[in-house]
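# no letters, just coordinates:
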């Protein structure tokens with residue numbers, strides 16, 4: 001896609017196996033025993049949001065809900081807490097994907113921040129309703145960290161699509 005405001009390279013189509021491989025790696029990263037820090041960014045949510053924005057036809061609410069259930073089981077949290085938040089992320093990303101993709105990655109980070117905030121507020125509300133325990137205001141730092149990670153995750157996950165299919169000296173792509 002080329003516009004006068006936002007100069008972008010042409011991207012090759014993404015392969016389905018790469019989407020699922022990146023989600024599996026994000027799941028493994030999320031399962032690392034780093035402790036229970038409420039301000040820690042949810043890398044699974046960032047990768048899930050990325051694919052829901054860039055490939056809304058391939059990453060939908062059902063896949064997000066299933067990955068959320070896996071995260072709920074792993075973290076021992078309320079069953080459905082992450083699932084609901086991830087499904088909300090996938091829905092909002094699919095609805096706003098055309099608008100988000102219009103901008104560069106820094107502006108995209110500003111656009112996805114409210115979506116990450118909404119997902120964390122849903123998880124916070126579900127936890128408050130079920131347990132009545134408030135984790136503290138540090139939990140609001142996680143959406144900021146996720147928005148900061150957005151440009152780096154975008155660069156890494158778009159890298160395989162930027163390569164030329166058959167490189168030669170006469171083709172500029």
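Structure received. Only a predicted model underlies this, so the values are computations on that prediction, with no experimental measurement involved.

# pretty sure residue 97 sits against residue 49.
No. Under the criterion of CB atoms under 8 Å, residue 97 is not in contact with residue 49, lying 10.1 Å apart. Heads up, the C-betas are built off the backbone N, CA and C, glycines and all.

# neighbour count for the two, which is higher?
Remark: of residue 97 and residue 49, residue 49 carries more neighbours, 26 against 16, as counted by other CB atoms under 10 Å.

# can you give me the helices for the protein?
For the chain, the helices defined by DSSP state H occupy 16-30, 43-54, 61-75, 81-101, 105-131, 141-158.

# can you tell which of these is closest to residue 10?
Closest approach to residue 10 among the helices of the chain (CB to CB): helix 141-158, 11.7 Å.

# which strands or helices does that closest one pack on?
helix 43-54, helix 105-131 (3 or more CB pairs under 8 Å, 6 or more residues apart in numbering; DSSP states H and E).

# how about JSON lines for the ones you listed, with mean pLDDT and distance to residue 60 added?
As requested, the helices and strands packed on helix 141-158 are exported to JSON lines (pLDDT from 0 to 100; distance: least, CB to CB, whole Å):
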{"stretch": "helix 43-54", "mean pLDDT": "95", "distance to residue 60": "8"}
{"stretch": "helix 105-131", "mean pLDDT": "93", "distance to residue 60": "16"}
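
# ok, which of those helices comes nearest residue 71?
helix 43-54 (6.1 Å).

# OK, contacts around the closest residue to residue 77 other than its chain neighbours?
Nearest residue to residue 77, sequence neighbours excluded (CB to CB, 6 or more residues apart in numbering): residue 127, at 7.3 Å. Residue 127 sits next to 77-78, 81, 133, 135 when contact means CB atoms under 8 Å, 6 or more residues apart in numbering.
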